[in-house]
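Undergrad: Quick one, what's the 3D model for this:
(4 chains)
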Protein chains: 2
Amino acid sequence: MARPREFDEKAAMKAVEDIFWRDGFEGTSYSDLMSATGLGKGSLYAAYGNKEALYRHALNAYIEREVGGVSHLFSDVSNPRTGKQRVGQLLDLVIAAVSERGDRRGCFLCNAAVDLAPYDESVEKIVLEAMGRMRTDLTSALKDEVGEKQCQSAAELVLSAYMGMRVMVKAGTPVEQLQLTRDAVVKSL
Amino acid sequence: MARPREFDEKAAMKAVEDIFWRDGFEGTSYSDLMSATGLGKGSLYAAYGNKEALYRHALNAYIEREVGGVSHLFSDVSNPRTGKQRVGQLLDLVIAAVSERGDRRGCFLCNAAVDLAPYDESVEKIVLEAMGRMRTDLTSALKDEVGEKQCQSAAELVLSAYMGMRVMVKAGTPVEQLQLTRDAVVKSL
DNA sequence: GTTATTCTTGACCGACCCGTCAAGAATTGG
DNA sequence: CCAATTCTTGACGGGTCGGTCAAGAATAAC
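TA: This is a model prediction of the structure:
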């Protein structure tokens, strides 16, 4: 009953995500969000709540897609590669974002950790949970290769290097140096 | 001649640095800066220029002190430790900031990379130069141990893991996981 | 003392911020 | 047709933003 929502909620959410991903929480204004989605301010409020709630929606959408993709990469049994090779694939994806698409937005999760997590407990929780998910996926994927004992710290190394690489991408680090990082991480396993 | 400046410029700059370090560029307002320094807005403008120039001053002060400290750690010939041990020392300092001082501001350089570097070329330049300095220090310190060929990628691994750790600190990652990263990085060398 | 120069303060400015809300448009059910 | 309900729009408001500037305070040179 009553008037149906006119806009495509998923498309609008993707637009919101892209803006927050690129410009961060403080760097994004409602006029940015309105022009990116084509919606009025009232529609955004009615659909998602205030700016922080909107940011959390966008961050969760990112995590569901991107961290979910990482999960799939590391747990796909039909993929015949070793854990080590999969880590290489993961880091190649980071490099490809820059070299093939010129995308220097880095990792939204990582940006959120620097941006809003220190000031918003619910965002901190979201970020820590998503990182924890990557951690457990990495740990189990590396268990066979580096052993029960060292798989935890190996996973931690990969996770930190991954985050670090994505920060360096935002800083404008050239691709060659990212390649060196990738090689060193894979060799260390 | 004429009226001398009343405030301690270095103390004021340190206060400015602390605020930008903790809250970022967009997250810091002039009222924050005024109450942190005890100065009027006009004095800040007269002494350092606009907000971006002020930020660059603060970032440069941070780099001179902190990156300079890293340089010293890796090039101090009176320190009898190996390069590998020095990397351990560096990462221990990261952990100590959290465990001993509860300081979760992370790395100002790293925050700047996410925060302002993508939108301000002069900040990007500052960040890349500072990272480059850490890179060369690390590379030369590791040359003896991992060899001429692999010292570059080893240095890159350490640098990325370092940045990643400091992001994870901002996200609220517990100390035990930072310890695991430290151990894995040192072992990989 | 007088003058010149610099520093400090705080009021002021236009612009933009996030958030609200009333009025109109679009749909459903009777 | 007529409600009833929901969505959309855009104007509005209180607040804060970065930045400027005039007026007064403090010093130096004379």
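
Undergrad: C-alpha only now, for contacts and for neighbours.
TA: Will do.

Undergrad: Pull up the residues of chain A that are close to DNA strand C.
TA: A:1-4, A:26, A:28-31, A:41-42, A:45, A:50-52 (Cα under 7 Å from any atom of the strand).

Undergrad: could you flag which of these are buried?
TA: The neighbour-count criterion (16 or more other Cα atoms under 10 Å in any protein chain shown) marks A:28, A:51 among the residues of chain A next to DNA strand C as buried.

Undergrad: shaky segments in chain A?
TA: A:1, A:3 (pLDDT under 70).

Undergrad: What's the first helix or strand after the longest helix seen in it?
TA: Counting by DSSP state H, the longest helix found in chain A is helix A:121-171. With elements assigned by DSSP states H and E, the helix or strand that comes after helix A:121-171 is helix A:175-188.

Undergrad: wait, does that next one contact chain B?
TA: Yes. Helix A:175-188 lies within reach of chain B by Cα under 8 Å from any Cα of the partner chain, at A:177, A:178, A:180, A:181, A:182, A:183, A:184, A:185, A:188.

Undergrad: interface residues of chain A facing DNA strand D?
TA: Checking chain A against DNA strand D by Cα under 7 Å from any atom of the strand, the hits are A:1-7, A:38-43, A:46.

Undergrad: May I ask which two of these are separated the most?
TA: The distance between the two most remote of the residues of chain A next to DNA strand D (Cα to Cα) is 24.5 Å, for A:1 and A:38.

Undergrad: mind checking how far residue A:188 is from residue A:145?
TA: For residue A:188, the distance to residue A:145 equals 12 Å [Cα to Cα, to the nearest Å].

Undergrad: before we move on, the earlier item: of the residues of helix A:175-188 next to chain B, just say which sits nearest to DNA strand C.
TA: Nearest to DNA strand C out of the residues of helix A:175-188 next to chain B is residue A:178 (Cα to the nearest atom of the strand; 33.6 Å).

Undergrad: ok, so of the residues of chain A next to DNA strand C, who is nearest chain B?
TA: residue A:26 (5.9 Å; Cα to the nearest Cα).

Undergrad: how about stretch A:61-81: buried residues?
TA: Neighbour-count burial for stretch A:61-81, with 16+ other Cα under 10 Å as criterion, is recorded at A:61, A:62, A:63, A:67, A:70, A:71, A:73, A:74, A:75.

Undergrad: Show me those that map onto helices.
TA: A:61, A:62, A:70, A:71, A:73, A:74, A:75.

Undergrad: So for residue A:188 and residue A:145, which sits in the more crowded spot?
TA: Using other Cα atoms under 10 Å in any protein chain shown, the more surrounded residue of residue A:188 and residue A:145 is residue A:188, with 17 against 14.

Undergrad: for that one, what are its contacts?
TA: B:188, B:189 (Cα atoms under 8 Å, 6 or more residues apart in numbering or on different chains).

Undergrad: List the residues that contact residue A:105.
TA: Residue A:105 is in contact with A:21, A:22, A:169, A:170, counting by Cα under 8 Å, 6+ apart.

Undergrad: same thing but at 6 Å, please
TA: Counting by Cα atoms under 6 Å, 6 or more residues apart in numbering or on different chains, residue A:105 makes contact with residue A:22.

Undergrad: Next: the one 3 residues further on.
TA: Neighbour list for residue A:108: residue A:21 [criterion: Cα under 6 Å, 6+ apart].

Undergrad: Next one: the nearest residue to residue A:21 once chain neighbours are set aside from residue A:92, what distance?
TA: Distance criterion Cα to Cα, 6 or more residues apart in numbering or on different chains; nearest residue to residue A:21, sequence neighbours excluded, is residue A:108 at 5.1 Å. For residue A:108, the distance to residue A:92 equals 18 Å [Cα to Cα].

Undergrad: Same question for residue A:60.
TA: Separation of residue A:60 from residue A:92 (Cα to Cα) stands at 24 Å.

Undergrad: ok, now residue A:143?
TA: Between residue A:143 and residue A:92 the computed distance is 21 Å (Cα to Cα).

Undergrad: List the contacts of the residue of chain A found nearest chain B.
TA: Distance from chain B to each residue of chain A (Cα to the nearest Cα) is smallest for residue A:164, at 3.8 Å. If you count contacts by Cα under 6 Å, 6+ apart, residue A:164 has them with B:160, B:161, B:163, B:164.

Undergrad: which parts of chain A sit against chain B?
TA: A:26, A:113-114, A:117, A:153-154, A:156-157, A:160-161, A:163-165, A:170-171, A:180-181, A:184, A:188 (Cα under 6 Å from any Cα of the partner chain).

Undergrad: Of those residues, grab the buried ones for ChimeraX.
TA: In ChimeraX, a selection of the buried entries from the residues of chain A next to chain B looks like this (16+ other Cα under 10 Å):
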select /A:113,114,117,153,154,156,157,160,161,163,164,165,170,171,180,181,184,188
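
Undergrad: how about the residues of helix A:175-188 next to chain B in CSV, adding distance to residue B:11?
TA: CSV is the format used below for the residues of helix A:175-188 next to chain B (distance: Cα to Cα, whole Å):
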residue, distance to residue B:11
A:177, 37
A:178, 38
A:180, 40
A:181, 38
A:182, 41
A:183, 44
A:184, 41
A:185, 41
A:188, 44
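
Undergrad: so the longest helix of chain A versus helix B:121-171, what angle?
TA: 140 degrees (axes from the mean of the first three to the mean of the last three Cα atoms, to 10 degrees).

Undergrad: Pull out the buried residues from stretch A:125-141.
TA: Neighbour counts over stretch A:125-141 (16+ other Cα under 10 Å) mark A:126-128, A:130-131, A:133-135, A:137-141 as buried.

Undergrad: Distance from that stretch to the middle of the chain?
TA: 12 Å (Cα atoms, centre = their mean, to the nearest Å).

Undergrad: picking that back up, need the ones in helices among the buried residues of stretch A:61-81 in a markdown table (columns: distance to residue B:86).
TA: Shown next, in a markdown table, are those (distance: Cα to Cα, whole Å):
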| residue | distance to residue B:86 |
| --- | --- |
| A:61 | 41 |
| A:62 | 38 |
| A:70 | 33 |
| A:71 | 35 |
| A:73 | 35 |
| A:74 | 33 |
| A:75 | 36 |
